[in-house]
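Undergrad: Next one to model:
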Amino acid sequence: MKKIFLFIIGFALVTSCRDKGEDDPVTPAQDQLRMTVQPTFGVDDLVLDQTYTTDEGYNVQFTDLKCYMTDIRNGSSILCSSALFDYREKGTTFFTKVGKPANYSSLEAYLGVPSDRNHGDPTALSTSDPLYITNANDMHWGWNPGYIFIKVEAKVDTIADGIDNFDHLVVFHVGGDTYLRNLSFPSFTWNAAGTNLYSCPLKLDMKKFLNNGTESIDLKFEYSSHTAPGQEAISTKVIDHFNGAISLY
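TA: Numbers count the residues shown, from 1 in each chain. Just a heads-up that it's a prediction; the model follows:
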């Protein structure tokens, strides 16, 4: 009788465990889409503080590259509402979001921050938002003027005498509603990069930034913009060249 009782108890436990396992739904892993930005100088990957030569023959060392992109989307479907690229602090990392590759086979974005958020309260945002005040850090001028959309800083040796003297500073800080630009990638391919992970790199070609084939930025004479009054021409040139230097890698 004791053996029969133990058998019944054991059978009930096994059945209970099997039923529980069969009833518990298995949540499938969600696809994630990762975007990176690789700065280059022509065909070479760009390294901060390393020397490159401009078309004018100047030696240049880029020291800081940053930019905001917002409303990265396919039609009305937003993949990422805001992302901050900071090459020195984060390397090529841009963002990783949940999404299916088939839903984002083309992408559009703003280079910069639309007016409503540009003039909103940066302390009222989620602390995980790249636009939140402490995340923005030096990419925000203050509540009223809003965000810096792109930041390019460099040191230049403008005298080709064989002596390194990087004493000519380049500072381009461009922001403001007038300088918001559109980015468009009509054919976008996500590559498998791991289990449920898909990636696609962008390229930021700083050689093309300096010379887009139509006009050049001569760093000896065009080296500063804080988007102040009177700097409209250089600010427009810088944001347009930066926008044109971004492409699929």
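
Undergrad: So what does Pro186 look like in phi/psi?
TA: In terms of degrees, to the nearest 10, the main-chain angles of Pro186 are phi -70, psi -20.

Undergrad: My guess is it contacts Ser105. True?
TA: No. Using CB atoms under 8 Å, Pro186 makes no contact with Ser105, being 9.2 Å away. C-beta here means a position set from N, CA and C on the backbone, and glycine is covered the same way.

Undergrad: More neighbours: the two, which one.
TA: More crowded of Pro186 and Ser105, by other CB atoms under 10 Å: Ser105, with 13 against 8.

Undergrad: quick one: strands adjacent to the lengthiest strand in the chain?
TA: Ranked by residue count under DSSP state E, the longest strand found in the chain is strand 59-74. Strand pairing for strand 59-74, using DSSP bridges, gives strand 51-53 (antiparallel), strand 77-86 (antiparallel), strand 107-111 (antiparallel), strand 146-157 (antiparallel).

Undergrad: That one - what's its average pLDDT?
TA: Average pLDDT, strand 59-74: 98.

Undergrad: One more: stretch 142-157?
TA: 93.

Undergrad: Flag every buried residue along that stretch.
TA: Neighbour counts over stretch 142-157 (16 or more other CB atoms under 10 Å) mark 146-157 as buried.

Undergrad: Any chance of these in TSV with distance to Asp218 as columns?
TA: Shown next, in TSV, are the buried residues of stretch 142-157 (distance: CB to CB, whole Å):
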residue	distance to Asp218
Gly146	29
Tyr147	27
Ile148	23
Phe149	22
Ile150	19
Lys151	20
Val152	14
Glu153	17
Ala154	13
Lys155	16
Val156	10
Asp157	14
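
Undergrad: which one of those residues sits closest to Thr227?
TA: Ile148 (8.0 Å; CB to CB).

Undergrad: The closest one and Ser76: what is the separation?
TA: Per CB to CB, to the nearest Å, Ile148 is found 28 Å from Ser76.

Undergrad: Where in the protein is the helix or strand with the lowest mean pLDDT?
TA: Within the chain, no helix or strand scores below helix 2-23, which has a mean of 46 by mean pLDDT, DSSP states H and E.

Undergrad: Next SSE downstream of that one?
TA: Downstream of helix 2-23, the first helix or strand assigned by DSSP states H and E is strand 32-41.

Undergrad: the inter-axis angle of that following strand versus strand 77-86?
TA: 40 degrees (axes from the mean of the first three to the mean of the last three CA atoms, to 10 degrees).

Undergrad: how far out from the middle of the chain is the helix or strand immediately after strand 32-41 in the chain?
TA: Moving toward the C-terminus from strand 32-41, the next helix or strand (DSSP H and E) is strand 44-45. Remark: strand 44-45 is offset 18 Å from the chain centroid, using CA atoms, centre = their mean, to the nearest Å.

Undergrad: who touches strand 44-45?
TA: Residues outside strand 44-45 that contact it (CB atoms under 8 Å, 6 or more residues apart in numbering): 38-39.

Undergrad: Partner strands of it, with direction?
TA: If you go by DSSP bridges, strand 44-45 pairs up with strand 32-41 (antiparallel).

Undergrad: just how off-centre is the strand it pairs with within its chain?
TA: So, by CA atoms, centre = their mean, the centroid of strand 32-41 is 7 Å from its chain's centroid.

Undergrad: and it, average pLDDT?
TA: 98.

Undergrad: got the CA positions of that strand in CSV?
TA: Output in CSV follows, covering the C-alpha atoms of strand 32-41 (Å, rounded to 0.1, in the frame of the first residue of the first chain):
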residue,chain,number,x,y,z
GLN,A,32,17.2,44.5,-32.5
LEU,A,33,18.6,47.0,-35.0
ARG,A,34,22.0,48.6,-34.4
MET,A,35,23.4,51.7,-36.2
THR,A,36,27.0,52.8,-36.0
VAL,A,37,28.8,55.8,-37.5
GLN,A,38,32.4,55.3,-38.8
PRO,A,39,34.3,58.5,-39.5
THR,A,40,36.7,58.3,-42.3
PHE,A,41,39.2,60.5,-44.2
